[in-house]
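Asks: A structural model of the following input is requested.
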Amino acid sequence: MLLCILQEAFTRMQSVKALAKAVGKEMAESLKGQEEQLQLALTKAQRDNNTVYLERVPPFADVPPIQPALLVKSVPPSNLDASTENLFSGLIPDSSAKALSKYTDSVDGVSRELLNKLADATDAARLALKQAELPDLLEALDGSSTASVPDSLLRDIEEVNSIGGTQHLREILQEMGELRRHVDGDLSKCQQSLDEEASADAQARSTYGDEWRVPQSATLAKHLWEKLHSYRSTMAQAGESDAKVIQRLNDNEAAFAALTPDAAASQLPRLQAPLLSTGPADPAVVVANLRRNMEALNQLSNERAGLEEALKDLKAKDNILPKLMSAGSSNTDALFDRELKKYEGIRADVARNVQRNSELLAAITRDAQMFKAVFEVAAWRAACESAATGIKNTLKTYKEVLDHLSEGLRFYMSLQEAVKQHQQQCSDYAYTRALQRDDLKQDIDSRRRQNREAKASQQLSYMSINSNQPAGPSYPPHPMQTPHVAPAPPGPQAPAYMSYGAPPAAAAQQGGYGQYGGQQPAQQQWQQPPPYGQAPQQSYPPYGQPQVPQPYHGNYGGPPPGGQPAAPNPYSGYNPPQGQQQQQQPGYYQQASAPPPSHHSHW
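Replies: As a prediction, this is how the structure comes out:
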């Protein structure tokens, strides 16, 4: 049903939109937001119905009208009868509010006045006691005070104790040791990287000999080694300085532990009564009067704290509003006077306390002066100042050791950063050299492999050439030249069957080996070749005479000139394979008796 209603609403919106366009552009624009909302709701409803509900959408005319529904029921409240109650009893009239504000100001003035008097009395007592050096002098007389320690020395000792004293020095020393171990480890890593690289370079240089043409590690890493040795020397000097500071700390550790206010006071002279009193006052009486007045002053101080609390409670409980509401606005002054009289009792107590405080301070000041005169406090102060020289020297030594250790700590921190950078440089150097070394090894190995392959190819070529030549003197190729087959000369070429012992007739007519063999004598007889697989029997002339090769005569196996019978052909009936015929090259037999090649000849 919702989808049907939305469809009808959208249809009507289109009608309204058309009318709005006819009226004006601004009215059409004002409907744009409502149209978008309606379009969004209609699209969502259609998607839900198509995917979830799958219900038929009825025509809008068939949809029943929406009936009102009762969502809540009204219940009349009870106890609304206010005839016996004053609903406006809490409302304060304006005149009463003004009167209450005036009374509150008066009460605040009284309270402020009394609190200020109490505070002034407390400040006066604190200042007077400080000027009289009390109760420090009485505590020094009892031996339980640090009054004997000079003020400046006492502040320095308290500062030393605030940072930890001897424990603080030990902690700094421990941090220095940790940093030193880290620096030593980093330097060892630097040296290890350089040593490994130098060892690898030496091994490669020993393996490849003169082919290893890169600079030596000792040359390239010279600056790295120099910096490493410099750091080692610096570490050695720092170690000597550390040993001196540590020795000084160990020697004065007991004195440093005594740098506390109580320990310092125990090393100074105590305040004592003179053995023979030369003044009119008895030292014991002076001390008794002073202690009694100090106790009374302490009681007055506690009483002032109680008076402050009583004044605050009285002010908090002072509620004059009901009386103002009942009395009206005509007699407020008289009411205020009556209500303010409740503060008169505490006012009198404050005045009495302040007066008593002033009297006690005057008596304490007088007794303190007499105490200083009887006990010779000035001379005792001078004696304490002289006796504190040792403590001052110990404190000075402590500060010197602290400065040295702090400087050492800063030194090792900066050195660690520098060594870290040097370690990175050594690692980068070793890594780069390793890459260069690997590349050079591959290059040298590749060249060696190519040389071996070239030599093997040269040997195979030479062996293949000599394996196809007849027995006789042979000449190896030039050592720096790869043997190859000479090109065929112009003119008639030797056919392939010459490889199997059948020379053509043209060769016989030219004599011997054709144009490469030269003219041979006609009376040389053709000899029968040896069986297949055996080397031909050849006779050599005496030493010093040239060897004359025997020519071939006509067709192989035919009768030679002169009517001599032809020798049987051992290769008759043998047909070599086609591949072997193609591999055989002409001119090998002719080259067998040719002179040795020169550097410019062709094979």
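
Asks: in three-state terms, label residue 319 for me.
Replies: Following DSSP: H, G, I helix; E, B strand; the rest coil, the label given to residue 319 is coil.

Asks: need the pLDDT of it.
Replies: We have a pLDDT of 81 for residue 319.

Asks: cool, and residue 586?
Replies: At residue 586, pLDDT is 38.

Asks: what do you get for the one 10 residues further on?
Replies: At residue 596, the model reports a pLDDT of 37.

Asks: ok, now residue 145?
Replies: For residue 145, the predicted pLDDT is 73.

Asks: quick one, what contacts it?
Replies: 136, 138, 139, 265 (C-beta atoms under 8 Å, 6 or more residues apart in numbering). Quick note: C-beta positions are derived from backbone N, CA and C, even for glycine.

Asks: what about residue 32, neighbour count?
Replies: Applying other C-beta atoms under 10 Å, we find 11 residues neighbouring residue 32.

Asks: ok, it to residue 141 distance?
Replies: Distance of residue 32 to residue 141, computed by C-beta to C-beta, to the nearest Å: 98 Å.

Asks: repeat for residue 149
Replies: According to C-beta to C-beta, residue 149 and residue 141 sit 15 Å apart.

Asks: which one of these two is surrounded by more residues?
Replies: residue 149 (25 against 21).

Asks: now the helices for the stretch 151-300 of the chain?
Replies: Along the stretch 151-300 of the chain, counting by DSSP state H, counting those that start in this stretch, helices occupy 151-163, 166-208, 217-220, 222-257, 261-266, 283-317.

Asks: could I get those in JSON lines, plus columns for mean neighbour count and distance to residue 375?
Replies: Below are these laid out as JSON lines (neighbours: other C-beta atoms under 10 Å; distance: least, C-beta to C-beta, whole Å):
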{"stretch": "helix 151-163", "mean neighbour count": "15", "distance to residue 375": "19"}
{"stretch": "helix 166-208", "mean neighbour count": "16", "distance to residue 375": "36"}
{"stretch": "helix 217-220", "mean neighbour count": "14", "distance to residue 375": "82"}
{"stretch": "helix 222-257", "mean neighbour count": "14", "distance to residue 375": "30"}
{"stretch": "helix 261-266", "mean neighbour count": "17", "distance to residue 375": "17"}
{"stretch": "helix 283-317", "mean neighbour count": "15", "distance to residue 375": "7"}
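
Asks: tell me which of those lies nearest to residue 427.
Replies: Checking those against residue 427 by C-beta to C-beta gives helix 166-208 as the closest, at 5.6 Å.

Asks: now the closest one: mean pLDDT?
Replies: Mean predicted confidence for helix 166-208 is 92.

Asks: same for it, what does it pack against?
Replies: The contact analysis (3 or more C-beta pairs under 8 Å, 6 or more residues apart in numbering; DSSP states H and E) places helix 166-208 against helix 217-220, helix 222-257, helix 389-467.

Asks: got those helices as a markdown table, with mean pLDDT and distance to residue 77 columns?
Replies: Putting the helices and strands packed on helix 166-208 into a markdown table (pLDDT from 0 to 100; distance: least, C-beta to C-beta, whole Å) gives the following:
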| stretch | mean pLDDT | distance to residue 77 |
| --- | --- | --- |
| helix 217-220 | 89 | 102 |
| helix 222-257 | 92 | 82 |
| helix 389-467 | 90 | 80 |
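
Asks: any idea which of these gets closest to residue 58?
Replies: Using C-beta to C-beta, the helices and strands packed on helix 166-208 put helix 389-467 closest to residue 58, at 82.7 Å.

Asks: now that closest one: how far from the chain's centre is it?
Replies: Chain-centre distance of helix 389-467: 23 Å, with C-alpha atoms, centre = their mean, to the nearest Å.

Asks: check stretch 261-275 too.
Replies: 57 Å.

Asks: and what of stretch 348-364?
Replies: On C-alpha atoms, centre = their mean, the centre of stretch 348-364 falls 68 Å from the chain's centre.

Asks: could you export that stretch as CSV, CA atoms only?
Replies: Output of stretch 348-364 as CSV, limited to C-alpha atoms (Å, rounded to 0.1, in the frame of the first residue of the first chain):
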residue,chain,number,x,y,z
ALA,A,348,36.9,38.6,70.9
ASP,A,349,38.7,35.2,70.6
VAL,A,350,40.6,36.4,67.6
ALA,A,351,41.6,39.6,69.3
ARG,A,352,42.7,37.8,72.4
ASN,A,353,44.8,35.3,70.3
VAL,A,354,46.4,38.1,68.3
GLN,A,355,47.3,40.0,71.5
ARG,A,356,48.7,36.9,73.2
ASN,A,357,50.7,36.1,70.0
SER,A,358,52.3,39.5,70.1
GLU,A,359,53.3,39.2,73.7
LEU,A,360,54.8,35.8,73.2
LEU,A,361,56.8,37.0,70.2
ALA,A,362,58.2,39.9,72.2
ALA,A,363,59.2,37.5,75.0
ILE,A,364,60.7,34.9,72.6
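
Asks: buried residues in it, which are they?
Replies: Across stretch 348-364, burial judged by 16 or more other C-beta atoms under 10 Å covers 349, 350, 353, 354, 356, 357, 360, 361, 363, 364.

Asks: hang on, the last one packs against residue 297?
Replies: Yes. Shown here, residue 364 and residue 297 form a contact pair, counting by C-beta atoms under 8 Å, at 6.5 Å.

Asks: between the two, what contacts are shared?
Replies: residue 129.

Asks: avg pLDDT for the host helix or strand of residue 368?
Replies: Taking DSSP states H and E as the definition, one finds residue 368 inside helix 344-375. For helix 344-375, the mean per-residue pLDDT is 89.

Asks: and the angle from it to helix 283-317?
Replies: 160 degrees (axes from the mean of the first three to the mean of the last three C-alpha atoms, to 10 degrees).

Asks: against which helices or strands is helix 344-375 packed?
Replies: Using 3+ C-beta pairs under 8 Å, 6+ apart, helix 344-375 is in contact with helix 94-131, helix 136-142, helix 283-317.

Asks: using a markdown table, lay out the ones you listed together with distance to residue 160.
Replies: Shown next, in a markdown table, are the helices and strands packed on helix 344-375 (distance: least, C-beta to C-beta, whole Å):
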| stretch | distance to residue 160 |
| --- | --- |
| helix 94-131 | 25 |
| helix 136-142 | 21 |
| helix 283-317 | 32 |
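
Asks: which one of those has the lowest average pLDDT?
Replies: Among those, helix 136-142 carries the lowest mean pLDDT (a mean of 81).

Asks: which residues are contacting it?
Replies: By C-beta under 8 Å, 6+ apart, the surrounding residues in contact with helix 136-142 are 145-148, 270-273, 287, 290-291, 294, 368, 371-372, 375, 377.

Asks: which ChimeraX command selects the buried ones in those?
Replies: Listed next is the ChimeraX selection for buried residues among the contacts of helix 136-142, using 16+ other C-beta under 10 Å:
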select :145,146,147,148,271,287,290,294,368,371,372,375,377
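
Asks: hmm, back to that, nearest to residue 24, of the helices and strands packed on helix 344-375?
Replies: Nearest of the helices and strands packed on helix 344-375 to residue 24, taken as C-beta to C-beta: helix 94-131 at 57.1 Å.
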